[in-house]
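Undergrad: Show me how the following folds:
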Amino acid sequence: MEPILPGAPWLIAHRSMLGINKPYKVTLNEHDYVLWQNQQGEVFALDNICPHMQAPLSDGWICEDTGTITCPFHALKFDGKGRLHNCGKVSGQPLLTPLDIIIKDDCIWTYGGYTPKIPIPDLISNVSAGMSFLGVAGEKSMRGTFLDSISINYDYNHQSGTHRDLFGIKANRIPLFEHDGYWAKVVQELDREDTTWNDILQNPLILTAPKTYTGTLEYAFPSLTTFRATFPIGEVLQVHVLYPETTTQTKTFVLVYSQPKHTVLKPLLGRFVLSAVATVVEQDTRAIETSYPRQPAKIRLPNEEIMFHAQKLYREW
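TA: Below you'll find the model as predicted:
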């Protein structure tokens, strides 16, 4: 396949997604890699194919004594440089190609072997300053092109339908949209419908959501969308991540941060946000996967210039 946006920085994992000494498979632009993290916090990334009989190394295990990854077929061991370890000897030349990775704020980035076109953004560290990391939610592979997947993150009308049952939005205002290169910022004002007893029975935490709230979104094209909002029990930050696995498959996950009004509220805030984020991802996935192939739109909705901006960046890359 032709690579999607070659030279773009892709956020492929957070340290917490790797665990310790556990192989983790990543597919980027139709190329499979295996990542793992040792007890010292060092992260390694290699081609996922064993050079002996092409077994997937991600189905193997990590040898804690040597820090090597072990092939599930014949127990061949390879270090983070791709060298074979056999009977106490190490091959002089790598047999596997390492994937170059950059770790920033516990986030694992890569250019997938291409020459960097733009730098790794500082967006996450800027918007999460002073907040605590809660975890990762909504990790999922979606059947859909990267362009379709990223468009929904810039679409300010879909919550009225796609997320109607979850948020009950009745009014949506965009008082600010500004952009500079691959960065963009949007301020969104949302009014919710009145909460019913049925809503409370299904999700008691909905009582913590205000009738009207303001969300601030910032983008680092093409991989990041951040959403920050303040609720009565504290402030929450979501970092929605996308990267292309294949021409028709897109990977997503969401990093969640919080700043509760009181420490005792942190578990409550965490459960509320992580659960809501997982539901949002499921609903967005369904919207993408059930849509018919794109055709020229015959209807224009308000604020679609935000989505058109992202599509223009994609096409002019």
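Undergrad: Centroid-nearest residue for this structure?
TA: Centroid check for the chain by C-alpha atoms, centre = their mean gives V241 as the closest residue, at 2.3 Å.
Undergrad: Angles on the backbone of it, please.
TA: Per-residue torsions, V241: phi -120, psi 140 (degrees, to the nearest 10).
Undergrad: Wait, it touches P222, no?
TA: No. Using C-beta atoms under 8 Å as the test, V241 is too far from P222 to be in contact (10.6 Å). The way it works is simple: take the backbone N, C-alpha and C, and place the C-beta from them, glycine included.
Undergrad: and the residue nearest to the centre of the chain, what are its bridge partners?
TA: L224, F253 (DSSP bridges).
Undergrad: Distance-wise, check it relative to Y257.
TA: For V241, the distance to Y257 (C-beta to C-beta, to the nearest Å) stands at 13 Å.
Undergrad: Against R286, how distant is I103?
TA: Counting by C-beta to C-beta, the gap from I103 to R286 is 33 Å.
Undergrad: typo on my end, I120
TA: For I120, the distance to R286 - C-beta to C-beta - is 31 Å.
Undergrad: Tell me which of the two has more neighbours.
TA: Set side by side, I120 and R286 show more neighbours around I120, with 18 against 12, by other C-beta atoms under 10 Å.
Undergrad: tell me the contacts of that one?
TA: I120 makes contacts with 9, 102, 104, 109, as judged by C-beta atoms under 8 Å, 6 or more residues apart in numbering.
Undergrad: go again using 6 Å as the cut-off
TA: For I120, the contact set (C-beta atoms under 6 Å, 6 or more residues apart in numbering) comprises 9, 109.
Undergrad: what helix or strand is it on?
TA: Assigned by DSSP states H and E, I120 falls within no helix or strand.
Undergrad: just N172 next, same as before
TA: Assigned by DSSP H and E, N172 belongs to strand 169-180.
Undergrad: now G234, which residues is it bridged with?
TA: In this entry, G234 is beta-bridged to F231, P260, by DSSP bridges.
Undergrad: Quick one: name whatever helix or strand follows the worst-scoring helix or strand of the chain on mean pLDDT.
TA: None of the helices or strands of the chain scores lower by mean pLDDT, DSSP states H and E than helix 197-202, at a mean of 55. Later in the chain than helix 197-202, the nearest helix or strand by DSSP H and E is strand 212-220.
Undergrad: Run through who's touching that next one.
TA: In contact with strand 212-220 (C-beta under 6 Å, 6+ apart) are residues 121, 123, 184-191, 225-229.
Undergrad: now stretch 86-103
TA: 33, 45-47, 51, 78, 81-84, 108-110.
Undergrad: end-to-end on it?
TA: One end of stretch 86-103 to the other measures 30 Å (C-alpha to C-alpha, to the nearest Å).
Undergrad: same question, stretch 242-252
TA: Start-to-end, stretch 242-252 (C-alpha to C-alpha) is 5 Å.
Undergrad: Good, wrapping up.
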